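[1] Build me a structure from this.
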Amino acid sequence: MSPGFDFSVDGNAMQVAVLADTHIKTSGRDLPRSAYDQIRRSDAIIHAGDLVNDIILERLAQCAPVYAVMGNNDHGVALPLHLELEFKGTNVAVVHDSGPRHGRRNRMRHLFPKARIVVYGHSHIPDCSDEEDLLLFNPGSPTDKRRQPDHTMGILRFNDGRFEAEIVIL
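    Just a heads-up that it's a prediction; the model follows:
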């Protein structure tokens, strides 16, 4: 998806790495190196839940500011159920479980009426669908692809109320 301008030449642009469903249970597990390559080039990080514990939060916080929500497997991790953020003039909501695919766009529009982008996780299925002035963005999982062909994460780039979104295969 491209809003029609080149973010790479504009010093005011902001890149946000987007993760979900990392399920890092022990300090011996980590994200793939290719995920950290994307994260280190980012100005901020969104994690849409199912971290499982705070190990990954600590690692991510060493790279950039982290905005994370609680997933259904995040027992004992003190995180909000949802967030509403603003990056370079674009409103972004973050939630772990957006419910069934049928009716998702309407549910998210109702829950987050100011949002231009809703980041969600839970399904481990990458989604980058922009319809009716609402981008639904699920980065998939960098560590637990389940039935998906690839491990994935997302990148959002913002500038002056415009954005582009990308699912990155790791």
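[2] Run a quick neighbour tally on the closest residue in space to Ser141 that isn't next to it in sequence.
    Closest residue to Ser141 apart from its sequence neighbours, by Cβ to Cβ, 6 or more residues apart in numbering: Asp21 at 3.9 Å. No exception for glycine: its C-beta is placed from N, CA and C like everyone else's. Other residues lying near Asp21 total 27 when counted by other Cβ atoms under 10 Å.
[3] again, but for His102
    Neighbours of His102 using other Cβ under 10 Å come to 8.
[4] now the helices for this protein?
    When assigned using DSSP state H, the helices of the chain occupy the ranges 33-40, 55-61, 104-111.
[5] most tightly surrounded among the ones you listed?
    Highest mean neighbour count of the helices of the chain: helix 55-61, a mean of 18 (counted as mean count of other Cβ atoms under 10 Å).
[6] any idea how far it is from the chain center?
    Here helix 55-61 is found 15 Å from its chain centre; the criterion is Cα atoms, centre = their mean, to the nearest Å.
[7] ditto for stretch 94-105
    14 Å.
[8] and if you look at stretch 51-71?
    12 Å.
[9] The most centrally placed residue in the chain bridge partners, please.
    For the chain, Val18 is the residue whose C-alpha lies nearest the centre (Cα atoms, centre = their mean; 3.0 Å). When bridges are called by DSSP bridges, Val18 pairs up with Ile46, Gly154.
[10] same thing with Tyr67?
    The partner residues for Tyr67, given DSSP bridges, come to Ile46.
[11] Now do it: how many residues are near it, please.
    20.
[12] pretty sure it contacts Ala44?
    Yes. Using Cβ atoms under 8 Å, Tyr67 makes contact with Ala44 at a distance of 6.7 Å.
[13] for the protein, which spans come out with low pLDDT?
    Where the chain drops to pLDDT under 70, the residues are 1-11.
[14] how about 50 then?
    Low-confidence segments of the chain (pLDDT under 50): 1-9.
[15] OK, contacts around Pro65?
    Pro65 sits next to Asp43, Ala44, Ile45 when contact means Cβ atoms under 8 Å, 6 or more residues apart in numbering.
[16] Pick out whichever of these sits closest to Asp133.
    Asp133 has its nearest neighbour among the contacts of Pro65 in Ala44, at 23.1 Å by Cβ to Cβ.
[17] State the number of residues packed around that closest one.
    Look at Ala44: counted by other Cβ under 10 Å, it has 19 neighbours.
[18] Tell me how far it lies from Ser123.
    23 Å (Cβ to Cβ, to the nearest Å).
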